[in-house]
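Chemist: Predicted structure and sequence below. I'll ask about it afterward.
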Amino acid sequence: MGGLRLSAPRLRLGCVALVGTVAVVASAAPPARAQAPCGPPNPITLTAAQRPSACWRPYVAASPWNQQIDSSSPLDPQSGKVTAAIGTPSNVVAGWENTTRDYARPVYYSKPSDPIYTTVCSADYGDTCAVQGLQIAIPSGAKPARGGDGHLTVIDPITMWEYDFWQVTSKPPGGGTLQASWGGHAIVDAFGIGTDRVGAVAWGGPTAAGLLRAEEIEAGAVNHALLMIVPCTNGEPVFPARHDGQECPPSRRADAPAMGARFRLNMTDAQIDAIHPLPAWKKTILEAMAHYGMIVGDTGGDENGWGVQWESGIEYTSLGRPNEWIRLAQSSGIKRNTDGAYVFNLRDGVNWAKYLQVVAPCASSETCNGQTVRVASASGIPGSVVGIGVSDGAATAEELSQDQATTISAGQCGRALPAANRAKSARLKQRILAQYAQCQKETQRFLGMHG
């Protein structure tokens, strides 16, 4: 489901200072029950080569992807028209991981001894592919999704960089050249936006943002906004998007959502609990929609509806592990269809036309109180909330000196040095140090100080 379109979008960041009037204030947000049973999110450190626990989520708490929706958040003036036209959601499906119907997005976690791949972007979009020529450790068995988008993401837990690829066409086992149409990258313990003009997903940021994971659904807590896919957009991206996907034809554009628009399910926990039947997996997803919302990040799919996105089961099976999505389906009593699919029926049981709302863009950029947004030129991030890990406070890229940028990049990448010292061979140590040097270079570029 990739509506990748390389053109210069018009970006709306706020709704008071930059957009104008807003509609009525949304009704009171549900109590913040969505964090249970994990407790406060983001306390978990990634470990090389291991999938994170159910309670981990990428990016810092200030990321728009990790914001809970405040009860005072106003609605977009077009909310009623957009939600009336957008239809109902597609269902979540497991069991397609070895078929060309798999448009989900696998995420892998590397270790220093994994094979090194040199990335080559094959498409010519008249722009620079941010991951072109990078050398990245990727598990040898890792495979892209087999659908036409061919997504593949790898996260390096040592340097905390995320590398995203779209339409991977070649990844030989054992290392070599990874060929993809396009790609992007971002720091995992930063704001969740990255600095590439466009990454591997239409909204312009990292692929891992907003993806449903089987582990977190099993744990009963999805503590982040969901990535929402719509057929087409109104052609005017809003924060946090800085790029667009497929625009709707002129006749449909007035009622279409913006890339980056934040939807919410305006239901209380009690109203969700009253749905019958309400399996545990569905309760967890609906509570995430109510507490964190959904951010439009891609275009495609059903022409008369919308969907959310999840991680592909191939991230398990390609590495010889049981498919957690199928295990979740079976433990939830979901039967396998004749085509091999397990369907999580998200569509039925909710009056989407009544309860779905579009929140004003200022909720994501935290500017609903009228303050002026000051945006760092290199990253497109409001200066008040920009974050590179835990090391830089609230500095913007424009305000950093070269020395400060060097210090931050050393802190961001410094986790590689103990790993190098623990390396059991000179070859592995040299490889880790090379990744450390590349991490420093890319982190300084992220900060706008490259060159």
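Modeler: Received the coordinates, thanks.

Chemist: which of the residues in the longest strand seen in the chain are buried?
Modeler: Secondary structure of the chain per DSSP state E: the longest strand is strand 176-187. When burial is assessed from 16 or more other C-beta atoms under 10 Å, strand 176-187 yields the following buried residues: 178-187. Quick note: C-beta positions are derived from backbone N, CA and C, even for glycine.

Chemist: now, which of those sits nearest residue 276?
Modeler: When the buried residues of strand 176-187 are compared for distance to residue 276 (C-beta to C-beta), residue 186 wins out at 40.7 Å.

Chemist: one step back: tell me the mean pLDDT over the longest strand of the chain?
Modeler: For strand 176-187, mean pLDDT rounds to 94.

Chemist: And stretch 123-135, by the same measure?
Modeler: Here the average pLDDT along stretch 123-135 is 87.

Chemist: Also stretch 351-360?
Modeler: Mean predicted confidence for stretch 351-360 is 96.

Chemist: Any buried residues in that stretch, and which?
Modeler: The neighbour-count check on stretch 351-360 (16+ other C-beta under 10 Å) flags 352, 355-360 as buried.

Chemist: Scan this structure for its longest helix.
Modeler: helix 426-446 (DSSP state H).

Chemist: Pull the number of nearby residues for residue 422.
Modeler: 11 (other C-beta atoms under 10 Å).

Chemist: hang on, the earlier thing: and the longest strand of the chain, which strands flank it?
Modeler: strand 116-121 (parallel), strand 161-170 (antiparallel) (DSSP bridges).

Chemist: Show me which of the buried residues of strand 176-187 is closest to residue 225.
Modeler: Distances from residue 225 to those, taken by C-beta to C-beta, are shortest for residue 186, at 16.0 Å.

Chemist: need the contact list for that closest one.
Modeler: 161-162, 164, 192-196, 199, 205-206 (C-beta atoms under 8 Å, 6 or more residues apart in numbering).

Chemist: tell me the helices in the stretch 51-200 of the chain, going along the chain?
Modeler: All helices of the stretch 51-200 of the chain, identified by DSSP state H, counting those that start in this stretch, fall at 79-86.

Chemist: show me where it has strands.
Modeler: Using DSSP state E, counting those that start in this stretch, the strands of the stretch 51-200 of the chain run over 88-89, 92-94, 107-109, 116-121, 135-137, 152-156, 161-170, 176-187.

Chemist: Name the stretch among those that sits most buried.
Modeler: strand 152-156 (a mean of 26; mean count of other C-beta atoms under 10 Å).

Chemist: related to what we said a few turns ago, of all the residues in the longest helix of the chain, which ones are buried?
Modeler: Those would be 429, 431-432, 435-436, 438-440, 442-446, for helix 426-446 by 16+ other C-beta under 10 Å.

Chemist: how about these in CSV, adding distance to residue 304 and pLDDT?
Modeler: Listed next are the buried residues of helix 426-446 as CSV, based on distance: C-beta to C-beta, whole Å; pLDDT from 0 to 100:
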residue, distance to residue 304, pLDDT
429, 56, 80
431, 50, 78
432, 50, 78
435, 46, 78
436, 49, 77
438, 45, 81
439, 44, 80
440, 48, 76
442, 41, 77
443, 43, 74
444, 46, 71
445, 42, 70
446, 39, 66
